[in-house]
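K.L.:
Next come a sequence and a model predicted from it.
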Amino acid sequence: MPYIQLNNVNYYYEEYGSGDETIVFSHGLLWSGHMFYKQVDYFKNRYRIIIYDHRGQGKTEVTTDGYDMDTLYEDAAQLIEKLVGKPVIFAGLSMGGFVGMRLAARRPDLIRKLILLETTADPEPIENHGKYKTLNAIVKYIGYFPVVNSVMKIMFGQKFLNDTKRSEEKKYWKNQLKLGNRKGITRAVDGVIYRKGIADEIHKIICPTLIMVGDQDVATVPEKAKKIHSLIANSKLIIFEGGGHTSSIEEPEIYNTEIEKFLTAKD
């Protein structure tokens, strides 16, 4: 299993395919790079693909600190420098988007194209703090099992949750939430709850940017994507039907088709 030292932290990553360009996929909170396996399968024959796990998530080391978005941005910049050494296509979902916006705004030398998926440039709304802190405390002191059903309703849209033909897939990802997160995940959750916004910086992003969000996303509603679009001059916004907060899993055909159009379009 490949690991790399980033800011003295043992980071887990996986690499697939080959090509002149590299796509780095950065996952959302409570998941791992595995959430992009349908995108990896689709693009690996034409691109080099790198997926990685954030601190305290997936198979990456659980550290005592460093879960704020600015530190995660620094980690990602090192990953690109060490593993690629030239500008990449960076695709970030939710938490991964928080990282991607910082990279594109602060290190334009590392990002050729930016893909922002179900994310926001704003801090977490104050009215959500209590709910998320309660869920986090339950995980910290009891474990993940009591809250997994509530989390599923945040992570996925109603189309996916109510589709009886996808019951096995839902069961699989529910188990990923229950079994794939260690108690150290609570530190990563705090990093998201108390994150600083990035809206005052993203006007600096000059690279072509694709922004995508499903109309059933309750965690980062489409209005958040519209705000990002209004602040990044060279950006395209797609709001699609039936997608929730984890559309890399829920709506992979839409994701893959629209990302491919974006990647093959002339800058």
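P.N.:
Now that the structure is in, tell me what you want to look at.
K.L.:
May I have stretch 111-123 as CSV, with CA atoms only?
P.N.:
What follows is stretch 111-123, C-alpha atoms only, in CSV (Å, rounded to 0.1, in the frame of the first residue of the first chain):
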residue,chain,number,x,y,z
ILE,A,111,-3.7,23.7,-10.7
ARG,A,112,-4.4,23.6,-14.5
LYS,A,113,-8.1,23.0,-14.1
LEU,A,114,-10.3,22.9,-11.0
ILE,A,115,-13.5,20.8,-10.5
LEU,A,116,-15.7,21.6,-7.5
LEU,A,117,-18.3,19.1,-6.5
GLU,A,118,-21.0,19.6,-3.9
THR,A,119,-19.0,22.2,-2.0
THR,A,120,-19.2,25.7,-0.6
ALA,A,121,-16.9,28.7,-0.1
ASP,A,122,-18.7,29.7,3.1
PRO,A,123,-18.0,28.7,6.7
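K.L.:
who's in contact with the spatially closest residue to residue 265 that is not a sequence neighbour?
P.N.:
Excluding the flanking residues, the one nearest residue 265 by C-beta to C-beta, 6 or more residues apart in numbering is residue 208, at 7.7 Å. All C-beta spots, glycine's among them, are computed from the backbone N, C-alpha and C. Residue 208 makes contact with 113-114, 234-236, 262, 265, 267, according to C-beta atoms under 8 Å, 6 or more residues apart in numbering.
K.L.:
hey, what's the spatially most central residue of the chain bridged with?
P.N.:
With distances taken as C-alpha atoms, centre = their mean, the chain has residue 93 as the residue nearest its mean C-alpha position (2.6 Å). Residue 93 has these beta-bridge partners by DSSP bridges: residue 117.
K.L.:
Name the SS class of the closest residue to residue 68 other than its chain neighbours, please.
P.N.:
The shortest distance from residue 68 to any non-neighbouring residue, by C-beta to C-beta, 6+ apart, is to residue 191 (5.4 Å). Following DSSP: H, G, I helix; E, B strand; the rest coil, the label given to residue 191 is helix.
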